[in-house]
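Engineer: Fold the following for me, if possible:
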Amino acid sequence: MRMRALGTREADSMADREEVTLDRAQVKKAVQALQAFLKTKSTGESLFLDDTQPINLLFTLWKIPRETQTIRIPLPHDQRPDTEEVCLFTRDEPKMTPDQTQRFYKKLLEERGVKSISEVIPFRTLKTEYKPYEAKRRLLGNFDMFLSDQRVRRLLPSHLGKHFYERKKTPLSVNLQSKHLARDIQRMVQGTSLTVTNKGCCCMARIAHAGMTADEVTANIEAAVQTVVAKLRAKGPMMKVIHVKSQTSVALPIYTSDLSHISVLAASKNRDASRKKGKKNQTEDEKPKPTVETNEEEEEDIPQLVPMETPSKKPKLEKPSRKNRIQKAVKPAAAKKSSKAQSKPGRKTELKGRRRGLKGK
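Structural biologist: Modelled structure (predicted):
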């Protein structure tokens, strides 16, 4: 039942989702204008064009998403120049030193035909050699992209630090046991990713670099837009404006949503508000109402007030005086003396009788 519900939700969201159609000629004009701006800037400041300067897509949504989502975007043309360095974090192989583990995975990548990985760092080496703060910052600056074995992906955040995530160089997980390892890594390096957060309505993804041709950049833009629209978890029209820009240029619009979407969004808001109000009223109806008693029952239940008699105070017991205590203590002593006096004469008479009897004999 749960799977059916999820399927119906996805089908409803697909039905409500808008179709973003780009004008290829307009996109190509914007890309050519952007490349001309980069060339003029390069001739004014330096003799050569900076081929590594990225070209980005800026997405502006109609409303802020409810949850954060990361969308992986495969691209038909490699959006990274050949000069960029890619680092791979691997797990520690049992009964192997870090150097042996590094040589083992480099040999594995060569056998599978992977040529885009420039450095392999085992997890134990990351924990020991890159523990200081300066070493982590140096590692972050030496490489442009990071990949990680999916078996150690969850252990990396505590050892890398927050700067990797602030600079948006989060390691992407790769299955090193895959049969198509070269294809998977090439798609990962060649493609890009878009992070949609619930903190704002704008998000940006890198889709090309300044050294690519206008046709290649246009093809990457079309593929990225279609992938984002298909994978974005939202109902109704979400895409408002799409711009293409570089780090130093202005944002050139390549798509603008129809203003008729405003009425659709207003209708969806009213629908959501009515649903919330209906749920609230339903919960209030389900709550048990307190029973109201009549005045007669209240009068019967109320007891009459009766004055209570205060108990009379008990008379204080007189404490015996000191003289009486002395007299009571003396009386038993006098009785003991009298008993002793009575017992002494009896003993004397017995002794006298015994003596007389001895004399008569």
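Engineer: where do the helices sit along the stretch 51-200 of the chain?
Structural biologist: Counting by DSSP state H, counting those that start in this stretch, the segments of the stretch 51-200 of the chain that form helices are 98-112, 123-129, 133-142, 157-160, 163-166, 181-190.
Engineer: Can you tell me which of the ones you listed is nearest to Pro76?
Structural biologist: Each of those has some distance to Pro76 by Cβ to Cβ; the shortest is helix 181-190, at 8.6 Å. For every residue, glycine as well, the C-beta is placed using N, CA and C.
Engineer: That closest one vs helix 98-112, what angle?
Structural biologist: Orientation note: helix 181-190 sits at an angle of 100 degrees relative to helix 98-112 (axes from the mean of the first three to the mean of the last three Cα atoms, to 10 degrees).
Engineer: Report the buried residues of helix 181-190.
Structural biologist: Neighbour-count burial for helix 181-190 flags Leu181, Asp184, Ile185, Gln186, Met188, Val189, Gln190 (criterion: 16 or more other Cβ atoms under 10 Å).
Engineer: Looking at the residues you listed, which one is closest to Thr125?
Structural biologist: Minimum distance to Thr125 across these is 20.5 Å, recorded for Ile185 (Cβ to Cβ).
Engineer: what's the closest of the buried residues of helix 181-190 to Ser173?
Structural biologist: Taking Cβ to Cβ as the measure, Ser173 lies nearest Met188 of those, at 9.1 Å.
Engineer: Bridged to the nearest residue in space to the closest one that is not next to it in sequence, which residues?
Structural biologist: Nearest in space to Met188, with sequence neighbours left out and distances taken as Cβ to Cβ, 6 or more residues apart in numbering, is Leu172 at 5.6 Å. For Leu172, the beta-bridge partners are Leu147 (DSSP bridges).
Engineer: Give me the residues contacting stretch 81-93.
Structural biologist: The set of residues that contact stretch 81-93 without belonging to it, under Cβ atoms under 8 Å, 6 or more residues apart in numbering, is 51-52, 98, 100-102, 104-105, 109, 116-124, 126, 139, 142-149, 151-152, 156, 171, 174, 176, 189, 209, 211.
Engineer: By mean pLDDT, which helix or strand of the chain comes out lowest?
Structural biologist: The helix or strand of the chain with the lowest confidence, counting by mean pLDDT, DSSP states H and E, is helix 2-16 at a mean of 44.
Engineer: In PDB, list the C-alpha atoms belonging to the helix or strand just after that helix.
Structural biologist: Towards the C-terminus, the helix or strand next in line after helix 2-16, according to DSSP states H and E, is helix 24-45. In PDB, the C-alpha atoms belonging to helix 24-45 read as follows (Å, rounded to 0.1, in the frame of the first residue of the first chain):
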ATOM      1  CA  ARG A  24      18.300  27.000 -28.400                       C
ATOM      2  CA  ALA A  25      19.100  30.100 -30.600                       C
ATOM      3  CA  GLN A  26      18.600  32.400 -27.600                       C
ATOM      4  CA  VAL A  27      20.700  30.200 -25.300                       C
ATOM      5  CA  LYS A  28      23.500  30.200 -27.900                       C
ATOM      6  CA  LYS A  29      23.400  34.000 -28.200                       C
ATOM      7  CA  ALA A  30      23.800  34.300 -24.400                       C
ATOM      8  CA  VAL A  31      26.700  31.900 -24.400                       C
ATOM      9  CA  GLN A  32      28.500  33.700 -27.200                       C
ATOM     10  CA  ALA A  33      28.000  37.100 -25.500                       C
ATOM     11  CA  LEU A  34      29.400  35.600 -22.300                       C
ATOM     12  CA  GLN A  35      32.400  34.200 -24.100                       C
ATOM     13  CA  ALA A  36      33.000  37.500 -25.800                       C
ATOM     14  CA  PHE A  37      33.000  39.300 -22.500                       C
ATOM     15  CA  LEU A  38      35.500  36.800 -21.000                       C
ATOM     16  CA  LYS A  39      37.800  37.300 -24.000                       C
ATOM     17  CA  THR A  40      37.700  41.100 -23.800                       C
ATOM     18  CA  LYS A  41      38.500  40.900 -20.100                       C
ATOM     19  CA  SER A  42      41.300  38.500 -20.700                       C
ATOM     20  CA  THR A  43      42.900  40.800 -23.300                       C
ATOM     21  CA  GLY A  44      42.600  43.700 -21.000                       C
ATOM     22  CA  GLU A  45      44.200  42.100 -18.000                       C
END
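Engineer: Identify the residues contacting helix 24-45?
Structural biologist: Residues outside helix 24-45 that contact it (Cβ under 8 Å, 6+ apart): 48-50, 53, 55, 210, 214-215, 217-218, 221-222, 244-246, 248-249, 252-254.
Engineer: What subset of the residues you listed is buried?
Structural biologist: For those, a burial check counting by 16+ other Cβ under 10 Å picks out 50, 53, 55, 210, 214, 217-218, 221-222, 244-246, 249, 252, 254.
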